[in-house]
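S.K.: The sequence and its predicted three-dimensional model are supplied below.
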Amino acid sequence: MMPDSVFVEARNQVIERLRQAAETDTRIMACWLQGSLANGSADDLSDIDACVAVDDVALDQFLGDRGRFCSALGTLLFFAADIVPGLRMAHCLFDGLVKLDLLVLKASEVDR
């Protein structure tokens, strides 16, 4: 079993890569954390819950490209999309056992 500090560092690296990818991908209008990392209740083994608001016109393209987008965030061990009907989600497991649940929203669906 790996020490919690190693997991936290791996998780922080995925978050930083997500931040960088969201800043450089022109289809993404906003990106934010949700869940325990956002509300301050995270522990050393918490997963990453994040949302991206994607330009409405580019939504279908981004959804088709989620696997490539997520693979740029780290060494991807597992990827699944749209497991829950009606939710545009990507579920990822990265090297270091970092889990990311990424919700994709149309920019017009987000309350500014």
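M.R.: Thanks, I have the structure now. Numbers count the residues shown, from 1 in each chain.
S.K.: For the rest of this, base every contact and every neighbour count on C-alpha atoms.
M.R.: Will do.
S.K.: and the worst-scoring helix or strand of the chain on mean pLDDT, what does it pack onto?
M.R.: Least confident element among the helices and strands of the chain, by mean pLDDT, DSSP states H and E: helix 35-39 (a mean of 92). Secondary-structure packing of helix 35-39 (3 or more Cα pairs under 8 Å, 6 or more residues apart in numbering; DSSP states H and E): strand 48-54.
S.K.: following the strand it packs on, which helix or strand shows up next?
M.R.: Sequence-wise, the next helix or strand downstream of strand 48-54 (DSSP states H and E) is helix 59-64.
S.K.: which element follows that next one toward the C-terminus?
M.R.: Per DSSP H and E, the first helix or strand lying C-terminal to helix 59-64 is helix 66-71.
S.K.: who touches that next one?
M.R.: Here helix 66-71 makes contact (Cα atoms under 8 Å, 6 or more residues apart in numbering) with 21, 76, 79, 90, 92.
S.K.: count of neighbours near the second one?
M.R.: Number of residues near Leu76 (other Cα atoms under 10 Å) recorded here: 19.
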